[in-house]
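Asker: Kindly return the folded structure for what I paste below:
(chains A, B and C)
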Amino acid sequence: MSTLLLIEQVLNGLQFGVMLFLMAAGLTLIFGVMGLINLAHGSLYMVGAFAAAATAAATGSFVLALVAALIAAAAAGAIVELTVIRRLYDRDHLDQVLATFALILVFSEGTRWIFGSFPLYLDVPAALAGPVTLPGGIEYPAYRLLIIGMGLAVAAGLFLLISRTRIGIQIRAGEADREMIGALGVDISKLYTLVFALGAALAGLAGALVGAIQSVQVGMGEPVLILAFVVIVIGGIGSIKGAFVGALLVGLTDTLGGVLLPEFFALFTEASSAKLIGASVASMAIYILMAGVLIFKPTGLFGGQT
Amino acid sequence: MKLHSLMLAAGLAATASMGMAEKIKVGMITTLSGGGAGLGIDVRDGFLLAVKGNDDIELVIEDDQRKPEIAVQLADKMIQSEKVDVMTGIIWSNLAMAVVPAATAQGKFYVSPNAGPSALAGKGCHPNYFNVAWQNDAYHEAAGKWASENGVGKVVVMAPNYPAGKDAITGFKRFFTGEIADEVYTKLGQQDYAAEIAQIRASGADMVYYFLPGGMGISFMKQYAGSGADVQVMGPAFSFDQGILGAIGDAALGVKNTAHWSKDLDVPGNADFVAAFQAEYGRLPSVYAAQGFDTGLLLASAAAKADVADADAFRAALKEADFQSVRGEFSFGANNHPVQTIYVREVVKEGDVVTNKLLGAAAENHSDAYAADCKM
Amino acid sequence: MTRAAMINAALFAMLPITAGVALALDEPFIITLATKVAILALAAVGLNIALGLGGLVSLGHAAFFGIGGYAMGILAHHAQSYTPLMELPFLIEGTKSMPVIWLVAIIASALAALAIGALSLRTTGVYFIMITLAFGQMLYYFAISWPAYGGEDGLSIYVRNGFPGLNTLVPIQFFGLCFAVLAVVLWASGRLARSAFGLALTAARQNPERVEAVGLTPYRLRLVAFTISGAVTGLAGALFADLNRFVSPTMFSWQMSGEIMIFIILGGVGRLFGPVAGAALFILLEHLLSGVTEFWLIYVGALLLLVVLFARGGLIGSLAGREVAHD
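Answerer: Numbering: from 1, shown residues only, chains lettered A, B, ... in the order given. Okay, here's the model as predicted:
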């Protein structure tokens, strides 16, 4: 494999990681602040993608589609928080898992009811449709560069939000001591709704951005959800920094595993079966990574005590 | 049974209630909910259109949710409780492998409107199992043949790492005489193909042949179009079907794909079928709808000829395939799998609709590679 | 008899009564459904040992369910194709005998549970949920891409495996067998809960520090519970595969883990008969609703939400009042 191709594959891995970060950020934020494990996060991702596809079909504008995705996912998040989620904060994880599993069923079949069983159409805007040439001669899709840019911007924005703003202070205080900030006069239930809607909006944004280059269909959220869980568990649940590092690790492992493992096994066995064995191991690679991390650091790379 | 009389019957059925004659009871197990529901819905709708107003056929429909365990239980229900004579409807090969051998072993007929796994065409064939669609390898074989005959020298083949994916690559290679630049196995359900696209671009191949059913194919094609790669793309019709083209859009333009049917195929009855399907359901029919329609016509033709209680006579009536298939010439080979022409289509834009245009035959009177293993 | 005990007895009697009525009415499919309830309840009873007694929320029990299923699939596959399972270092043949298959399924899933548990139990809380999920996914992808036993296509077994003295192909006889297994396991699991081990395990869930103070190791208690739990779920997997005469990687899917957990919640966590009630209710709903609407899962979702939010003791809890709360 040429160095140039390897660099391009590393770039692909980073890009996949950034995509996962968009999804994982909301999930880890919600867990960090409210201690809630939300399986329905993938459904909010799907809501974002469907809202974007419907808006793009009606208006033809990709920017409007992104805005619609943000609004729809945030609204869905807020509604779910007000009706269901807030009853779960003081429950054990088991109830949270079950209730949000139930929400997945409702969201998925509800979406299918409204939009039908066929995948929807959503494409990248014409201005970003082609590749651009990077220094060194790598041709890289412009839209994927946009995703990397957006992901980094979101990461930076979240760091600033948490470390520099009043809301961020409340969020950090809420993570540290829930009763105390309530006693200090912060409207905790409003804060929770806000954080949940913010997490949902991030998922919706991810869904819309990714929906333009993937299939917009019912059930699209669950595979990504599982990957996002792997990410936040590796990084340490509740840690934005952990989610970022974990996302890049998972992105790189998955992409480079798929590329390099078949070549690695070709050193030992003949080409065709090496590809099959390599592909099989690659499909398990991120779970092996996750198990490995947890065995040595039971609370993830950047996690505190649970 | 002629199409026009069916259409007439359809009109009558709208006003008159269904007749009382119960000649054959058909159990349809297909995927109507969850991922991949679009395919099952098309098969069902095509079938319903074909048997509309037909008093010979009583239909029970169940949803397998694309889960093999559910399909097996529904099959038990159809056989034990509903006491159906004929079963049909399954979309996925793994579900067919779970249901068909048990059903035929219990003396039921099974007529497959979609899946055609190689095991059921070869050693596991059965006199009561008929496939109206294709053996799984057919599209891939025809694509390999077409590529060889049209000056394609080097090909990258790509499929998910599961049995149907490996069959696809084997099928393509069986008829392709050029060089295989690379074989790429992806994860089942994978949605991001940046790494594979980089590999394809670096391979120096003339063409990439891929088999990525459902959402996987949509994701790949959208990403491929944005990557600037200029390697020609080809695939089986599964990835360029009407439901899927609507989701890919312009990114699929110019792609070649192989199918046994196309909506612009000029054979008797096809134009009427396309028009009737559009009138009934408000969307263009897919290959799955055409397969469901043919399955309905085949069963209606057999029901008109023989009593299902006489299994030998009914089997002979099915085997005759005495119906006007919307794909044109159609007959069953020795292993009850189709002998038919596989065509090449190109994705084009007609007005605002992205759809397929017929280019020509890729493999004429094509049968499958497994018939020799079938002893029945 | 307390009200809860009466409800338990009634629930438990309902299965054979349903099967008997179905037999009289010549509705073999209803018997098949009752068998399915018994088997899935068995899987959930297994999970309930880890979850209800040990407080271990495992979202990866499909791994053991699948291992049990594949134990049956692989052994029967070799028996039906007359190929040995392994020739070196010594010859192992396939088998179509249920007792042997059960034993293999129990041992294989217990070993897997021991290994997975030993690693996973180093973590707690959400991390534990997620690492068990990860192990389940690992096995799921392995089963899909492992070509020897059918990959995603799975394995079909043409004739149900045999049990000495029974004709397992007759639905009511197979039901009787599964029901008997369920009854034995329920009895054993009730004994387990009241044994010294069960009490120590409950204590380790409620107050691990105190358990440590009296010289017990919570980690070891939990590992034993997790292993037993996996073994029972594995046995259920072998029976489930025999019910369908088919195994496939979907037995390993995380939705399967979720469903097994749903049975427990619907019935009531930590209640001996909760899994039976939950599995019965779920199968009943699936059977009734899927005939009414394509979108039946919405209603299942809504019902599950209501149960989790408002009926915390599950079905049995609501019927029996709160006299036996789970914590």
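Asker: Just the pLDDT for residue A:258.
Answerer: Residue A:258 carries a pLDDT score of 85 in this model.
Asker: OK, contacts around the residue of chain A found nearest chain C?
Answerer: Closest to chain C within chain A is residue A:105: 3.2 Å, counting by Cβ to the nearest Cβ. The way it works is simple: take the backbone N, C-alpha and C, and place the C-beta from them, glycine included. The contact partners of residue A:105, by Cβ atoms under 8 Å, 6 or more residues apart in numbering or on different chains, come to C:297-298, C:300-301, C:304.
Asker: switch to 6 Å and redo it
Answerer: Residue A:105 is in contact with C:297, C:301, counting by Cβ atoms under 6 Å, 6 or more residues apart in numbering or on different chains.
Asker: and the helix or strand where it lies, C-alpha only, in CSV?
Answerer: Element membership for residue A:105 (DSSP states H and E) is helix A:93-115. Coordinates of each C-alpha in helix A:93-115 appear next as CSV, following Å, rounded to 0.1, in the frame of the first residue of the first chain:
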residue,chain,number,x,y,z
HIS,A,93,-30.3,2.2,34.8
LEU,A,94,-32.5,-0.8,34.1
ASP,A,95,-35.7,1.3,33.9
GLN,A,96,-33.8,3.9,31.8
VAL,A,97,-32.7,1.2,29.3
LEU,A,98,-36.2,-0.2,29.0
ALA,A,99,-38.0,3.1,28.7
THR,A,100,-35.7,4.4,26.1
PHE,A,101,-35.8,1.1,24.3
ALA,A,102,-39.6,1.5,24.2
LEU,A,103,-39.1,5.0,22.7
ILE,A,104,-37.0,3.5,19.9
LEU,A,105,-40.0,1.3,18.9
VAL,A,106,-42.4,4.2,19.0
PHE,A,107,-40.1,6.5,17.0
SER,A,108,-39.1,4.0,14.4
GLU,A,109,-42.6,2.7,13.6
GLY,A,110,-44.0,6.2,13.9
THR,A,111,-41.5,7.5,11.3
ARG,A,112,-42.4,4.6,9.1
TRP,A,113,-46.0,5.4,9.5
ILE,A,114,-45.5,9.0,8.4
PHE,A,115,-42.9,8.7,5.7
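Asker: What are the buried residues along that helix?
Answerer: By 16 or more other Cβ atoms under 10 Å in any protein chain shown, the buried positions in helix A:93-115 come out as A:93-112, A:115.
Asker: quick one: the residue of chain A closest to chain C from residue C:221, how far?
Answerer: Relative to residue C:221, residue A:105 is positioned 35 Å away (Cβ to Cβ, to the nearest Å).
Asker: Report the secondary structure state of residue B:254.
Answerer: coil (DSSP: H, G, I helix; E, B strand; the rest coil).
Asker: now swap in residue B:182 and tell me
Answerer: Three-state call for residue B:182 (three-state DSSP): strand.
Asker: ok now do it, which residues does it touch?
Answerer: Neighbours of residue B:182 in contact, by Cβ under 6 Å, 6+ apart: B:156, B:203.
Asker: confidence score at it?
Answerer: The pLDDT attached to residue B:182 in the predicted structure is 90.
Asker: again with residue A:171
Answerer: Per-residue pLDDT puts residue A:171 at 80.
Asker: I'd assumed it was in a helix, is it?
Answerer: Yes: the assignment for residue A:171 by three-state DSSP puts it in a helix.
Asker: From chain B, how far out is it?
Answerer: 31 Å (Cβ to the nearest Cβ, to the nearest Å).
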